[in-house]
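A.B. asks: Here is a sequence together with a model predicted from it:
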Protein chains: 2
Amino acid sequence: MTGSQRIEADYLIETAEDPRRAAEAMAGEQSSGTFISVPGETPELTARAAARVERLDLLETVATPSLPSARPDGAPAPGGYRRAHVTLSWPLDTIGPSLPNLVATVAGNLFELKQFSGLRLRDIRMPDSFADAYPGPRFGIAGTRKLAGVAQGPLIGTIVKPSVGFGPQETASLVATLCEAGIDFIKDDELQSDGPLCPFADRVKAVMRVIETQADRSGKKAMFAFNLTGDLDQMRRRHDLVLAAGGTCVMASLNAVGLVGMIELGRVSQLPIHAHRNGWGALSRAPLLGWSYTAWHKLWRLAGADHMHVNGLANKFSEPDESVIESARACLAPLFPDRPMPLMPVFSSGQTALQAPATYAALGSTDLIFAAGGGILAHPDGPGAGVTALREAWDAAVAGVPLDRHAQQHPALAGALRRFG
Amino acid sequence: MTGSQRIEADYLIETAEDPRRAAEAMAGEQSSGTFISVPGETPELTARAAARVERLDLLETVATPSLPSARPDGAPAPGGYRRAHVTLSWPLDTIGPSLPNLVATVAGNLFELKQFSGLRLRDIRMPDSFADAYPGPRFGIAGTRKLAGVAQGPLIGTIVKPSVGFGPQETASLVATLCEAGIDFIKDDELQSDGPLCPFADRVKAVMRVIETQADRSGKKAMFAFNLTGDLDQMRRRHDLVLAAGGTCVMASLNAVGLVGMIELGRVSQLPIHAHRNGWGALSRAPLLGWSYTAWHKLWRLAGADHMHVNGLANKFSEPDESVIESARACLAPLFPDRPMPLMPVFSSGQTALQAPATYAALGSTDLIFAAGGGILAHPDGPGAGVTALREAWDAAVAGVPLDRHAQQHPALAGALRRFG
């Protein structure tokens, strides 16, 4: 592998100052900067270690600051706030190929700099040595398809609902219904890991018994992502329990576990890791602050996440469709030219048969998990018809046939369109 | 220990809907909610597991949404956006005393809910069982004072600058200067952990040789916080290196390491953990999104952080002074009535002798680390006078004597006032 030996990061900035000077302040803060120059600081040393402004593209000027202004009087700057795209770079040798130190470097103090009324990390590019240090998803798309027994088309998935309140037996009984309905994938809710009301070990035992029974009967073994989120020793123990019980997937909440915990889980896991993004809104929902999904998802992908949540079209949350599609495309794009590290995007939130055509049209791929809760369980002809309707909707999408026309010959899809349309 | 068996979280919300209904949507999303009711969901089950709205206090109405509006036309809601303080509670039994699952519960999907044009977590209250599961800082204030040999007054600290570019010998030579100046505490920069330009093991060796030499000479052993941020095995190895070399502190970047990594570090560390908050701005700088420091710092404190950064008064960043003081007060407040788990707030960023009086006046405590970079090294009479001036400024602050009056008899302080005033 070859490539640059510098780390690069792209930002959207907004500033009342000269954007070039503000960009240089970013580079200074995130490398050799201090507010007063100190003994020992030489031009040679700065050249060896300093961050560089690689690129600056001016964008629009806005009248009001996106984040609270640093001006003491609180009034908007008379000249307005200029936005720009900025690319900074750092020599790899200051941190080496270390994901945690990459985060401190590209996403450290700079969000707090008073020069900026907006600062958002848009993308990160890493030297190849990061791919040597972090092997990425162990299962990815191909490994997930193999374990789930789904050679083509999306994995049709669902979520154990209600999120909390079910004990192991109630969960298993819902899983039985879903297995009989022919589901490919089921995930625990992110609110359910190992609480006294639904202990992890009991849930694994009860659920796997149902899944194995159904697999013996039909030859199809549904993939269940058990939420093992917890402290490190707990996650390890829970992973081993799932593996021993014949389970084929574990799930973790990325923002709750954090990067070092996910790297460690990625190293030990012998099962695909289903990565839940809950909490992501806090890092992303202010348009001029935080992280883009494109930049953020790269951390977890290198750490070994095999599936990552991207929300869904026409979802019940606040995210616009364009943003959802951009995230899913990021998941499917190669991470390094020689090491694509493919992972599976997971669509969810208010998904029904209705969203299949637009999702496929935007992505041109079925390498994804399409998860529906009510969209399956609330089908008028029952969960079996719910799963079938989703498969039919995706068949129609891939074939380029409008849903209503496809529904004429496919009663399950017709039922879904009546219920959710 | 006794107390409630429910977890509580306080939020600031902003919504175009009826705030009570919006609060109920939060509670639903973070417990038994789904967008279509599903088979198996019973009133008994909901009562057992559901989150509750404990309290709702209406605040002002604003004309424009703080975060992008969910309205399809993009226009502001005609009735405006109502703000409110909301308290939700959850039964402990749904997750048990688990910090990662607490995060997924109180700070999960809810930031993305389309009902809200603003949602910020203000505080978290946990049942006592969390204190049993997570013992908190092992050293805290008393342990840090003992290891640093500072019985009273703040620890006068500094930061190795420039942040990057120094090799082990250059770092050690700066440390020698600082030790001779009588410094109590020195921290690595958060951009410097184990890069090829300044390998961790070599830095520890070179720095500790200087510190031990100075300790033999003067009886005073400066505390150096070595930045061990990295993957788990790297952090463990680095911790052991520091311990074996006679070091007395390690440092980690909280947002880069994440919660599970910090919990694990807290369990194994035999040295105080200096917790750097870089990246915090991404979670906090939008006033109507993310986390308050009060809520956020509790996670790391339970996980075992002994020192936590709180920025400083009149800092070089965008944070207002009130916010800095609120954070420092949170660090000094007891975490549980029977288990206060005290930790030391760390003031830094553009700090000089000038900020000592206001900092002391606001806190009424000297249980803190007061870190200055240029504020020490750029003193006109050299670093020794820089450290002395900070001590003199704090003496004056505690005695209630104005700095300029105290400076009449204290030339180091007088020099600092001339240089930084």
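C.D. replies: Noted; the coordinates are in hand. Numbering: from 1, shown residues only, chains lettered A, B, ... in the order given.

A.B. asks: Per-residue pLDDT of the residue nearest to A:Leu259 when sequence neighbours are not counted, please?
C.D. replies: Excluding the flanking residues, the one nearest A:Leu259 by CB to CB, 6 or more residues apart in numbering or on different chains is B:Gly258, at 4.6 Å. Quick note: C-beta positions are derived from backbone N, CA and C, even for glycine. The model reports B:Gly258 with a pLDDT of 98.

A.B. asks: Might you report the residue contacts of B:Gly258?
C.D. replies: Contacts for B:Gly258 were tallied using CB atoms under 8 Å, 6 or more residues apart in numbering or on different chains; they are A:257-262.

A.B. asks: which ones among the residues you listed are found in helices?
C.D. replies: A:257, A:259-262 (DSSP state H).

A.B. asks: Name the member of the residues you listed with the most neighbours.
C.D. replies: In terms of neighbours by other CB atoms under 10 Å in any protein chain shown, the ones in helices among the contacts of B:Gly258 top out with A:Val257 at 31 neighbours.

A.B. asks: leaving aside the residues next to it on the chain, what's closest to that one?
C.D. replies: B:Val260 (4.7 Å).

A.B. asks: where along the stretch 51-200 of chain A do the helices fall?
C.D. replies: Listed in chain order, the helices of the stretch 51-200 of chain A (DSSP state H, counting those that start in this stretch) span A:99-106, A:129-133, A:140-148, A:168-180, A:200-218.

A.B. asks: Is there proximity between the fourth one and chain B?
C.D. replies: The reference is to helix A:168-180. Yes - with CB under 8 Å from any CB of the partner chain as the criterion, chain B is reached by helix A:168-180 at A:170, A:173-174, A:177.

A.B. asks: What's the separation between A:Leu228 and chain B?
C.D. replies: Separation of A:Leu228 from chain B (CB to the nearest CB, to the nearest Å): 10 Å.

A.B. asks: Touching, that residue and A:Phe200? I think so.
C.D. replies: Yes - using CB atoms under 8 Å, A:Leu228 is in contact with A:Phe200, at 7.0 Å.

A.B. asks: what touches both of the two?
C.D. replies: Applying CB under 8 Å, 6+ apart, one finds that A:Leu228 and A:Phe200 are jointly contacted by A:193-194, A:238.

A.B. asks: which of those count as buried?
C.D. replies: A:193-194, A:238 (16 or more other CB atoms under 10 Å in any protein chain shown).

A.B. asks: could you list every residue that touches A:Met235?
C.D. replies: A:228-229, A:252, A:257, A:261, A:265, B:260.

A.B. asks: For the closest residue to chain B within chain A, give its distance to B:Pro196.
C.D. replies: Relative to chain B, the nearest point of chain A is A:Gly258 (1.2 Å; CB to the nearest CB). According to CB to CB, to the nearest Å, A:Gly258 stands 26 Å off from B:Pro196.

A.B. asks: so where do the strands sit in chain A?
C.D. replies: Applying DSSP state E to chain A gives strands spanning A:6-15, A:52-62, A:81-91, A:116-125, A:155-159, A:185-187, A:223-227, A:249-253, A:273-276, A:289-291, A:307-309, A:344-347, A:369-371.

A.B. asks: Any chance of a markdown table for those, columns mean pLDDT and mean neighbour count?
C.D. replies: Below are the strands of chain A laid out as a markdown table (pLDDT from 0 to 100; neighbours: other CB atoms under 10 Å in any protein chain shown):
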| stretch | mean pLDDT | mean neighbour count |
| --- | --- | --- |
| strand A:6-15 | 97 | 22 |
| strand A:52-62 | 97 | 14 |
| strand A:81-91 | 97 | 21 |
| strand A:116-125 | 97 | 23 |
| strand A:155-159 | 96 | 26 |
| strand A:185-187 | 98 | 25 |
| strand A:223-227 | 98 | 28 |
| strand A:249-253 | 98 | 27 |
| strand A:273-276 | 98 | 28 |
| strand A:289-291 | 98 | 26 |
| strand A:307-309 | 98 | 28 |
| strand A:344-347 | 98 | 28 |
| strand A:369-371 | 98 | 28 |
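
A.B. asks: Can you lay out those as JSON lines showing distance to B:Asn311?
C.D. replies: Formatted as JSON lines, these follow (distance: least, CB to CB, whole Å):
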{"stretch": "strand A:6-15", "distance to B:Asn311": "20"}
{"stretch": "strand A:52-62", "distance to B:Asn311": "25"}
{"stretch": "strand A:81-91", "distance to B:Asn311": "23"}
{"stretch": "strand A:116-125", "distance to B:Asn311": "16"}
{"stretch": "strand A:155-159", "distance to B:Asn311": "40"}
{"stretch": "strand A:185-187", "distance to B:Asn311": "39"}
{"stretch": "strand A:223-227", "distance to B:Asn311": "35"}
{"stretch": "strand A:249-253", "distance to B:Asn311": "28"}
{"stretch": "strand A:273-276", "distance to B:Asn311": "31"}
{"stretch": "strand A:289-291", "distance to B:Asn311": "17"}
{"stretch": "strand A:307-309", "distance to B:Asn311": "33"}
{"stretch": "strand A:344-347", "distance to B:Asn311": "37"}
{"stretch": "strand A:369-371", "distance to B:Asn311": "41"}
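
A.B. asks: between those, which one is nearest to B:Ala356?
C.D. replies: strand A:116-125 (28.6 Å; CB to CB).
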